[in-house]
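[1] Make a model of this:
(one chain, ligands or ions: 1)
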Amino acid sequence: MFRFEHVYQGVLQDINFTIEKQDKVILFGPSGAGKSTLLFLLNRLNDPEKGDIFFNGKPIEEHSITALRKQVGLVLQAPNLFPGTVLDNIKYGPSLFGEWEDHQGKKLLDYVQLPSDYLERDVDQLSGGERQRVSLARTLANSPEVLLLDEPTSALDYRTAEEIEEVLECLMEEHQLTMLMVTHNLNQARRLGTRGLFISDGKIVEDGKIPDMFDQPKTEELAKFLEQ
Ligand SMILES: Nc1ncnc2c1ncn2[C@@H]1O[C@H](COP(=O)(O)OP(=O)(O)OP(=O)(O)O)[C@@H](O)[C@H]1O
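    Numbers count the residues shown, from 1 in each chain. Below is the predicted model of the structure:
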């Protein structure tokens, strides 16, 4: 689905890996390692300075940006919802393509476990967890193939974070999505991920199965990181 060949961008140095359809990948590593930078390359919020990225077999820059961002949805730590109602937010993407139908609203809120009367709510009145659910619903409205998640629960309290995790787990299963998630929460990584990319100083130090790489790290660098 994604292939990186000798990619350099900012802190990232010679990044090489392939992500297959329906992989559930956790990007983790020390602060400033380049995790968000790497994630942003996947929906062209950044472009490589050097090297090639392929999406579905075609160089990423040959996909139109709108089509790419429809297929590759991004959910951030702090959801940047537009002013207006929940409905305004979730219909925005499909409306751009003339694809919105009103019956979709209830279904999308069902996916993220919010009641349908939330459609008319002003987003200013939502809690942090509800905002993150709306942000997920807005991304799902585009029927993406890939979900990029940049610390999606780190701004939430423990209980709300667990609820969002459950929503994510159901979504991955139901929509057969490919996932790349940045998280500092290694328990969350164990619960949601099947493959880990450990990044340090702009390099992929280990690429392996979860939980094996947490239980038996192959490098001293990962072992030290896990001890912290
Ligand atoms: N827009 C930018 N312009 C210049 N430097 C940047 C920019 N964005 C990030 N950087 C730098 O690139 C490096 C990697 O940042 P990045 O946000 O990718 O790290 P990260 O691994 O996601 O860190 P964290 O876990 O703290 O979010 C950092 O040194 C950061 O200061």
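
[2] What is the subsequent helix or strand relative to the least confident helix or strand in the chain by mean pLDDT?
    Least confident helix or strand of the chain, by mean pLDDT, DSSP states H and E, is helix 158-175 with a mean of 88. Using DSSP states H and E, the helix or strand that follows helix 158-175 towards the C-terminus is strand 178-182.

[3] follow-up on the earlier one: ok, residues contacting the least confident helix or strand of the chain?
    Applying Cβ atoms under 8 Å, 6 or more residues apart in numbering, the contact partners of helix 158-175 are 24, 111-113, 127-129, 132-133, 136, 140, 143, 147, 149, 152-154, 156, 177, 179, 185, 188, 191-192. Where C-beta positions appear, they are placed from N, C-alpha and C, glycine not excepted.

[4] Can you say which of these are buried?
    For the contacts of helix 158-175, a burial check counting by 16 or more other Cβ atoms under 10 Å picks out 24, 111-112, 128-129, 132-133, 136, 140, 147, 149, 152-153, 156, 177, 179, 185, 188, 192.

[5] Can you check my assumption that T18 lies in a helix?
    No. Under DSSP: H, G, I helix; E, B strand; the rest coil, T18 sits outside any helix and is assigned strand.

[6] List the contacts of the closest residue to it other than its chain neighbours.
    Spatial nearest neighbour of T18, excluding adjacent residues (Cβ to Cβ, 6 or more residues apart in numbering): R3 at 4.8 Å. Taking Cβ under 8 Å, 6+ apart, we find R3 in contact with F17, T18, I19, D52, I53, F54.

[7] what's next to stretch 107-115, contact-wise?
    So stretch 107-115 is contacted by 86, 90, 116, 118-119, 130, 133-134, 136-137, 140-141, 163, 167, 170-171, 174 (Cβ under 8 Å, 6+ apart).

[8] go again using 7 Å as the cut-off
    By Cβ atoms under 7 Å, 6 or more residues apart in numbering, the residues outside stretch 107-115 that reach it are I90, S116, Y118, L119, E130, R133, L136, A137, L140, A141, V167, L171.

[9] Could you do stretch 194-204 as well?
    Contacts to stretch 194-204, defined as Cβ under 7 Å, 6+ apart, come from residues 11-13, 15, 17, 23-30, 33-35, 38, 189, 205-210, 213, 221-222.

[10] Backbone dihedrals for G34, both of them.
    Phi and psi for G34, reported as degrees, to the nearest 10, are phi 110, psi 20.

[11] That one reaches Q9, doesn't it?
    No. The criterion here is Cβ atoms under 7 Å, and G34 misses it with Q9 at 8.1 Å.

[12] Could you check which of those two is surrounded by more residues?
    Taking neighbours as other Cβ atoms under 10 Å, G34 and Q9 compare with G34 leading, 23 against 20.
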